[in-house]
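Q: here is my input; please provide its structure:
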Amino acid sequence: MQKTGKIKSENGNLVFVNSIYRDLAIPNLDSPYKEGLVASEYFYQNFSSIQEVTLVDSYVDFGSCSRYRVVDTEIIRISNNTKGKMSYVWIMPGETTGEDCVFSVTPKIGDILPKSTAEFKVNFRPKIENAFYGEQLECFVYFKSMRNFRLVNEDVFTPPWCLTPMIAGNTFPPGEEFIPKITFGTNRLDFPACYVDKSIYRTVKVSNTGDTPVKFMFLDHNMSNSGNGISGGIGGGTQSASSGGANFSVKPRVGILHKNESRLIDLQMRGVGYLPNLTFENQNTLCFKPTCIGSVSRKNFQARNTSRINLSFQWVIPQHYSNFVKIEPRTGQMIPNSTMKMECTFSPLIAKNWLVHIPCYFSHNNINCIFGTLLFDEDGNQHRTSLTVIGQGILGKIVGIPSVLDFRSTLVNSTIEREITIWNPSECDIELNNSSDGKQTLLNKNQYLAEINLKDSVVEIIQPSDEIPARSQQKLKIKLKLREQKDYLFKVFYTLQ
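A: Here you go, the predicted structure:
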C-alpha cells in the first residue's frame, strides 16, 4: 500500500494518505453517530471477524445437570485474527477473593498462534441441587510482545482485549419448568431518522418480577428483509443490514435474569434509513433575463433538503464558468426538511446564449466544509446534483432624443430647464453612469473651437433612475446656468455600468 500511495509513514506510524480512504473489501461492521459510539463498542465487543480478537462462542449453556455426577465439559473458542502471537489469561469469578468457583476454564494461560483459533474446556461443578447458575467469565488477550516493557515503546503499545463469555447451567430435574414473570419497560420503540447503513441505538428495560431466575433469548423471526426467518447474529446481534441481514438486532441475545433483577437490552434499527437529497426550485433550473455584456444580474433561489437527515453541501463551479457565474454561499449545512436561500450571479462577457450546469456535491457528513475538498460519505461515495443556469449575453445600446439640445440665447445668471429622452432599444436592462467632459467649447466668430475651463458656468442633469428597462425610455432634465456672455457647447457622455 505504500508503493501505491495509499498509506505513508508519519512520525513512525502508518497513516492513510487520504483520510476518507477505506478498503471496500472489508465490510463495514458499524457506523454509529457520535452519540452512539459507546453503545456501538458494547454491541460489537469482541464478536466481529474483522476485529483483532474474536470470541466465537459467546454463550454456553450446560442445561440440566446433577451435582452427584461428573458434568461433561463444553467448548469455548477464541480466534486470533492478527499476524502476531497472542497470550491469554482467564480470570474466574471469586478467584481474587478466595471463593470456590462453580465454573472453571482450562487451560488458564497460554498462547494463540497468528491466524488461528484456540479451544478451551469449560467445567461445571455445581454444589447445590435445584438451583440456577450463571456467570460471566473474563479472558484477557494481549500481544505476547507486550509481556515486557523492554520489548515495546509508547508508539506500539497495545492494551489487552477483554472477552466476556456467558456460562449458564442448572441442577433442576430434567423437564421441570417454571412460569416466567417478566415485564418490558415499553412495547414500542420509535427510532429517529437514520442515514442508510448508519446505526442508532435505543434501550428497553426487561425486569424479572418473579421469585426464580428466568432464561431469555431473542429470535429474529420475520425481522429480515430476505424473509429467511431466524437469522444468525454477530456481536450477540444479527447481521448488519448492509450485508443482507435483519434490520433490527439486540444484545444480549441470551442470558439469565435472577430474582428481582433487571437488565438493559440495546435495540438497534437499521432498516429505515434515508439518503441525503438536495433539490432546487423550478426543477433545478434558474433562468436569467437577457443581460448586457459587462453588467451583473443577480437572482435568488431556494435549496431544499428533502431528506430527514442533516446534510452538508459544496458548490464546485467549473473553472471555465467561474469568471461569469458565482453562487453564494459556496458551502454550508442544512437541517432535515429545511430550505436555504441562495444567490446566483450572472455576468456574461460575450454575446451568446448560455446553458451552464453547475454541480453541487453533498453528503451526510456532519463536518465543516473545506473549500476545494469534495465531500464523501462514510462509504466513500459522493452525492451530486446540479443547477442549470440559462442566460443570454447581449450588447446594450442607448439613444438620446434629440441628440443635440439647443438652449438658444439665454440670460446670464438665469436658470433654464430642458428635457431630453434616453431610449433603450435593446432586449436587456441598462444601468447608466452620466459624466461631463469637464470643459466648455467656445464657438467664436471664425467658427474656431477653443476649449477653456469651466469656472462659474453650471450644467446640472436630473436623472430619476440609473436603470432603464429593456425597450423603454426615460426623461432627463437638464438645468443650465451661464455666468458669462459667450457661446457654449457642452458634451454629456453616458456610459453603461
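
Q: let's see the pLDDT reported for residue 461.
A: On pLDDT, residue 461 comes in at 78.

Q: where does residue 161 land on pLDDT?
A: Reading off the model, residue 161 has pLDDT 87.

Q: count of residues packed around it?
A: 20 (other CB atoms under 10 Å). Quick note: C-beta positions are derived from backbone N, CA and C, even for glycine.

Q: likewise the one 10 residues further on?
A: In terms of burial, residue 171 registers 20 neighbours under the definition other CB under 10 Å.

Q: ditto for residue 88
A: 24.

Q: okay, and it sits in which element?
A: strand 86-91 (DSSP states H and E).

Q: direction included, what does that strand pair up with?
A: strand 109-112 (antiparallel), strand 138-143 (antiparallel) (DSSP bridges).

Q: now do that strand: everything it contacts.
A: Contact with strand 86-91 is made by 53, 78, 80, 105, 108-112, 118, 120, 137-144, 147, as judged by CB atoms under 8 Å, 6 or more residues apart in numbering.

Q: so how far is that strand from its chain's centroid?
A: With CA atoms, centre = their mean, to the nearest Å as the basis, strand 86-91 stands 41 Å off its chain's centre.

Q: can you check stretch 406-422 too?
A: 68 Å.

Q: what's the first-to-last distance across it?
A: 16 Å (CA to CA, to the nearest Å).

Q: tell me which residues of that stretch are tucked away?
A: Judged by neighbour count using 16 or more other CB atoms under 10 Å, the buried positions of stretch 406-422 are 420, 422.

Q: re the thing from before, quick check on the contacts of strand 86-91: which are buried?
A: The buried subset of the contacts of strand 86-91 (16+ other CB under 10 Å) comprises 53, 78, 80, 105, 112, 118, 120, 137, 139, 141, 142, 143.

Q: so the third one bridges to which residues?
A: Spelled out, that is residue 80. residue 53, residue 116.

Q: and the pLDDT at it?
A: 92.

Q: tell me how far it lies from residue 164.
A: 17 Å (CB to CB, to the nearest Å).

Q: ok so, going back, any chance of the strands paired with strand 86-91 in JSON lines, plus distance to residue 177 and mean pLDDT?
A: Shown next, in JSON lines, are those (distance: least, CB to CB, whole Å; pLDDT from 0 to 100):
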{"stretch": "strand 109-112", "distance to residue 177": "40", "mean pLDDT": "93"}
{"stretch": "strand 138-143", "distance to residue 177": "31", "mean pLDDT": "91"}
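
Q: residue 57: which of the ones you listed is closest?
A: For residue 57, the closest of the strands paired with strand 86-91 is strand 138-143, at 11.5 Å, according to CB to CB.

Q: show me how far the closest one is from its chain's centre.
A: 36 Å.

Q: stretch 179-189 now?
A: 37 Å.

Q: closest one of the buried ones among the contacts of strand 86-91 to residue 301?
A: Of the buried ones among the contacts of strand 86-91, the one sitting nearest to residue 301 (CB to CB) turns out to be residue 53, at 54.2 Å.

Q: show the pLDDT at the closest one.
A: 89.

Q: test my guess that residue 174 contacts residue 65.
A: No. Assessed by CB atoms under 8 Å, residue 174 is found out of contact with residue 65, at 9.6 Å.

Q: neighbour count: these two, which is higher?
A: With neighbours defined as other CB under 10 Å, residue 174 and residue 65 compare such that residue 65 has more, 19 against 8.

Q: and that one, what does it touch?
A: Contacts of residue 65 (CB under 8 Å, 6+ apart): 71, 124, 126, 169, 170, 171.

Q: and the nearest residue to it once chain neighbours are set aside, what is it in contact with?
A: Residue nearest to residue 65 in three dimensions, not counting chain neighbours: residue 71, with 4.6 Å by CB to CB, 6 or more residues apart in numbering. Contacts of residue 71 were listed using CB under 8 Å, 6+ apart, and they are 62, 65, 123, 124, 125, 126, 169.

Q: buried residues in the helix or strand residue 301 falls within?
A: Residue 301 belongs to strand 297-305 when assigned by DSSP H and E. With burial defined by 16+ other CB under 10 Å, the residues of strand 297-305 counted as buried are 297, 301, 303, 305.

Q: specify the beta-bridge partners of the first one.
A: Translated: residue 297. residue 346.

Q: that's a helix at residue 38, yeah?
A: Yes. Judged by DSSP: H, G, I helix; E, B strand; the rest coil, residue 38 forms part of a helix.

Q: that one: neighbouring residues, count only.
A: Every residue meeting other CB under 10 Å relative to residue 38 is counted, giving 10.

Q: residue 301 contacts residue 345, correct?
A: No. Assessed by CB under 8 Å, residue 301 is found out of contact with residue 345, at 11.8 Å.

Q: pLDDT below threshold where in the stretch 251-400 of the chain?
A: 251-272, 365-381 (pLDDT under 70).

Q: repeat that with 80
A: Along the stretch 251-400 of the chain, the parts satisfying pLDDT under 80 run over 251-273, 365-382.

Q: let's have the strands paired with strand 86-91 in a markdown table, adding distance to residue 473.
A: Putting those into a markdown table (distance: least, CB to CB, whole Å) gives the following:
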| stretch | distance to residue 473 |
| --- | --- |
| strand 109-112 | 92 |
| strand 138-143 | 87 |
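
Q: nearest to residue 215, out of those?
A: strand 138-143 (21.7 Å).

Q: contacts for the closest one, please.
A: 53, 55, 78, 80, 82, 84-91, 105, 112, 158-165.

Q: do you know how far the closest residue to residue 392 other than its chain neighbours is from residue 423?
A: Spatial nearest neighbour of residue 392, chain neighbours left out: residue 290 (4.5 Å); criterion: CB to CB, 6+ apart. Distance of residue 290 to residue 423, computed by CB to CB: 17 Å.

Q: quick one: which of these two has more around it?
A: The residue with more neighbours, out of residue 290 and residue 423, is residue 290; 18 against 15, by other CB under 10 Å.

Q: give me phi/psi at the more buried one?
A: In terms of degrees, to the nearest 10, the main-chain angles of residue 290 are phi -50, psi 130.

Q: show me where the stretch 201-350 of the chain has helices.
A: Secondary structure of the stretch 201-350 of the chain (DSSP state H, counting those that start in this stretch): helices located at 281-284.

Q: mind listing the strands for it?
A: 214-217, 248-251, 254-257, 262-269, 278-280, 285-287, 291-292, 297-305, 311-315, 325-328, 331-334, 339-346 (DSSP state E, counting those that start in this stretch).
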